[in-house]
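*Asks:* Could you look at this predicted model? Sequence included:
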Amino acid sequence: MKMMMPKLLFVSILGILLMAPLHAQTATQSSGMEAKGMNSQMAKMQAQRERMHAQMEKMRTQMDHIQTQMKDTMATMAAADAAMKNHMETAKASMKSQMELQQSIISLLQSMTDHMQAMAGHMAMMPNAMNMRKKNGTMMQKNNGMPNDQKK
(Lines give C-alpha, C1' and ligand atoms only; values in the text may rest on other atoms or scores of the structure.)
Protein backbone atom coordinates (compact mmCIF):
# COMPACT_ATOMS: atom_id res chain seq x y z
CA MET A 1 0.00 0.00 0.00
CA LYS A 2 2.88 2.24 0.49
CA MET A 3 3.60 2.12 -3.14
CA MET A 4 0.09 2.68 -4.12
CA MET A 5 -0.17 5.95 -2.32
CA PRO A 6 2.68 7.59 -4.21
CA LYS A 7 1.25 6.21 -7.47
CA LEU A 8 -2.14 7.54 -6.60
CA LEU A 9 -0.65 10.84 -5.65
CA PHE A 10 1.37 10.82 -8.81
CA VAL A 11 -1.68 10.08 -10.94
CA SER A 12 -3.64 12.78 -9.16
CA ILE A 13 -0.90 15.34 -9.69
CA LEU A 14 -0.55 14.22 -13.27
CA GLY A 15 -4.29 14.57 -13.76
CA ILE A 16 -4.27 18.06 -12.30
CA LEU A 17 -1.34 19.04 -14.46
CA LEU A 18 -3.04 17.67 -17.52
CA MET A 19 -6.29 19.41 -16.65
CA ALA A 20 -4.66 22.79 -16.04
CA PRO A 21 -3.77 23.42 -19.68
CA LEU A 22 -7.21 22.18 -20.73
CA HIS A 23 -8.84 24.51 -18.22
CA ALA A 24 -6.64 27.39 -19.43
CA GLN A 25 -7.60 26.60 -23.02
CA THR A 26 -11.33 26.62 -22.10
CA ALA A 27 -10.89 29.91 -20.28
CA THR A 28 -9.17 31.37 -23.31
CA GLN A 29 -11.90 30.09 -25.59
CA SER A 30 -14.49 31.47 -23.21
CA SER A 31 -12.74 34.84 -23.18
CA GLY A 32 -12.57 34.79 -26.97
CA MET A 33 -16.28 34.04 -27.22
CA GLU A 34 -17.09 36.76 -24.72
CA ALA A 35 -14.93 39.19 -26.70
CA LYS A 36 -16.70 38.20 -29.92
CA GLY A 37 -20.06 38.65 -28.18
CA MET A 38 -19.02 42.02 -26.85
CA ASN A 39 -17.74 43.07 -30.28
CA SER A 40 -21.04 42.02 -31.81
CA GLN A 41 -22.97 43.88 -29.13
CA MET A 42 -20.78 46.94 -29.59
CA ALA A 43 -21.38 46.81 -33.35
CA LYS A 44 -25.15 46.62 -32.74
CA MET A 45 -24.99 49.54 -30.34
CA GLN A 46 -22.94 51.56 -32.83
CA ALA A 47 -25.47 50.84 -35.59
CA GLN A 48 -28.33 51.84 -33.26
CA ARG A 49 -26.48 55.04 -32.35
CA GLU A 50 -26.00 55.87 -36.03
CA ARG A 51 -29.72 55.26 -36.72
CA MET A 52 -30.64 57.52 -33.82
CA HIS A 53 -28.25 60.18 -35.11
CA ALA A 54 -29.80 59.94 -38.59
CA GLN A 55 -33.29 60.25 -37.08
CA MET A 56 -32.21 63.30 -35.10
CA GLU A 57 -30.82 64.93 -38.27
CA LYS A 58 -34.05 64.15 -40.11
CA MET A 59 -36.05 65.71 -37.28
CA ARG A 60 -33.84 68.83 -37.35
CA THR A 61 -34.38 69.12 -41.09
CA GLN A 62 -38.13 68.77 -40.64
CA MET A 63 -38.14 71.39 -37.89
CA ASP A 64 -36.17 73.80 -40.08
CA HIS A 65 -38.65 73.19 -42.91
CA ILE A 66 -41.61 73.81 -40.58
CA GLN A 67 -40.02 77.01 -39.25
CA THR A 68 -39.44 78.24 -42.80
CA GLN A 69 -43.06 77.52 -43.70
CA MET A 70 -44.25 79.32 -40.58
CA LYS A 71 -42.14 82.38 -41.40
CA ASP A 72 -43.48 82.41 -44.97
CA THR A 73 -47.05 82.03 -43.73
CA MET A 74 -46.63 84.83 -41.21
CA ALA A 75 -45.16 87.12 -43.88
CA THR A 76 -48.07 86.31 -46.20
CA MET A 77 -50.55 86.97 -43.41
CA ALA A 78 -48.89 90.31 -42.62
CA ALA A 79 -49.11 91.32 -46.29
CA ALA A 80 -52.76 90.23 -46.43
CA ASP A 81 -53.51 92.23 -43.26
CA ALA A 82 -51.86 95.32 -44.74
CA ALA A 83 -53.83 94.92 -47.98
CA MET A 84 -57.07 94.41 -46.05
CA LYS A 85 -56.40 97.49 -43.93
CA ASN A 86 -55.74 99.53 -47.07
CA HIS A 87 -58.90 98.19 -48.69
CA MET A 88 -60.96 98.98 -45.59
CA GLU A 89 -59.60 102.54 -45.44
CA THR A 90 -60.41 103.03 -49.13
CA ALA A 91 -63.92 101.62 -48.64
CA LYS A 92 -64.43 103.89 -45.62
CA ALA A 93 -63.29 106.95 -47.60
CA SER A 94 -65.58 105.94 -50.48
CA MET A 95 -68.57 105.58 -48.14
CA LYS A 96 -67.80 108.95 -46.56
CA SER A 97 -67.63 110.55 -49.99
CA GLN A 98 -70.91 108.90 -51.00
CA MET A 99 -72.61 110.11 -47.82
CA GLU A 100 -71.35 113.66 -48.43
CA LEU A 101 -72.65 113.50 -52.01
CA GLN A 102 -76.03 112.24 -50.80
CA GLN A 103 -76.17 115.02 -48.20
CA SER A 104 -75.38 117.58 -50.91
CA ILE A 105 -78.12 116.18 -53.15
CA ILE A 106 -80.60 116.22 -50.27
CA SER A 107 -79.66 119.83 -49.45
CA LEU A 108 -80.03 120.85 -53.09
CA LEU A 109 -83.40 119.13 -53.39
CA GLN A 110 -84.55 120.74 -50.14
CA SER A 111 -83.52 124.20 -51.33
CA MET A 112 -85.27 123.59 -54.68
CA THR A 113 -88.40 122.49 -52.83
CA ASP A 114 -88.22 125.56 -50.61
CA HIS A 115 -87.76 127.79 -53.68
CA MET A 116 -90.69 126.14 -55.48
CA GLN A 117 -92.91 126.56 -52.42
CA ALA A 118 -91.90 130.21 -52.15
CA MET A 119 -92.66 130.73 -55.85
CA ALA A 120 -96.00 128.98 -55.47
CA GLY A 121 -96.78 131.31 -52.56
CA HIS A 122 -95.89 134.36 -54.63
CA MET A 123 -97.92 133.11 -57.56
CA ALA A 124 -100.92 132.54 -55.32
CA MET A 125 -100.83 136.18 -54.30
CA MET A 126 -101.11 137.22 -57.98
CA PRO A 127 -104.18 135.46 -59.40
CA ASN A 128 -104.52 137.74 -62.45
CA ALA A 129 -101.00 136.97 -63.61
CA MET A 130 -101.82 133.30 -63.93
CA ASN A 131 -104.94 134.05 -65.94
CA MET A 132 -103.00 136.30 -68.31
CA ARG A 133 -100.45 133.69 -68.96
CA LYS A 134 -103.13 131.22 -69.75
CA LYS A 135 -104.73 133.67 -72.14
CA ASN A 136 -101.47 134.62 -73.78
CA GLY A 137 -100.41 130.97 -74.07
CA THR A 138 -103.69 130.09 -75.77
CA MET A 139 -103.45 132.96 -78.20
CA MET A 140 -99.90 132.11 -79.10
CA GLN A 141 -100.86 128.58 -79.96
CA LYS A 142 -103.69 129.76 -82.22
CA ASN A 143 -101.49 132.19 -84.12
CA ASN A 144 -98.61 129.74 -84.62
CA GLY A 145 -96.43 131.15 -81.89
CA MET A 146 -96.82 134.84 -82.87
CA PRO A 147 -98.43 137.26 -80.46
CA ASN A 148 -101.57 139.11 -81.49
CA ASP A 149 -99.86 142.51 -81.72
CA GLN A 150 -97.22 141.39 -84.16
CA LYS A 151 -99.72 139.79 -86.54
CA LYS A 152 -101.37 143.06 -87.51
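*Replies:* On my side now, so go ahead. Residues are numbered from 1 along each chain as shown.

*Asks:* For this structure, which segments count as helices?
*Replies:* Along the chain, the segments classed as helices by DSSP state H run 4-125, 127-142, 148-151.

*Asks:* And those, which one averages the lowest pLDDT?
*Replies:* Of all these, the minimum mean pLDDT falls on helix 148-151 (a mean of 50).

*Asks:* Next, count neighbours for Glu89.
*Replies:* 10 (other Cβ atoms under 10 Å). All C-beta spots, glycine's among them, are computed from the backbone N, C-alpha and C.

*Asks:* let's number from 469 now, not from 1
*Replies:* Got it, first residue is 469 now, which makes that one Glu557.

*Asks:* That one and Gly483, how far apart?
*Replies:* Here the criterion is Cβ to Cβ, to the nearest Å. By it, Glu557 lies 108 Å from Gly483.

*Asks:* try Glu502
*Replies:* In terms of Cβ to Cβ, Glu502 sits 28 Å off from Gly483.

*Asks:* Then Lys564?
*Replies:* With the distance defined as Cβ to Cβ, Lys564 ends up 118 Å from Gly483.

*Asks:* got it, and Arg519?
*Replies:* 53 Å.

*Asks:* Ok, Met545 next?
*Replies:* From Met545 to Gly483 the distance is 90 Å (Cβ to Cβ).

*Asks:* for Ser575, same thing?
*Replies:* 134 Å.

*Asks:* now swap in Ala522 and tell me
*Replies:* From Ala522 to Gly483 the distance is 58 Å (Cβ to Cβ).

*Asks:* cool, Ile534 as well?
*Replies:* Taking Cβ to Cβ, one finds Ile534 at 74 Å from Gly483.
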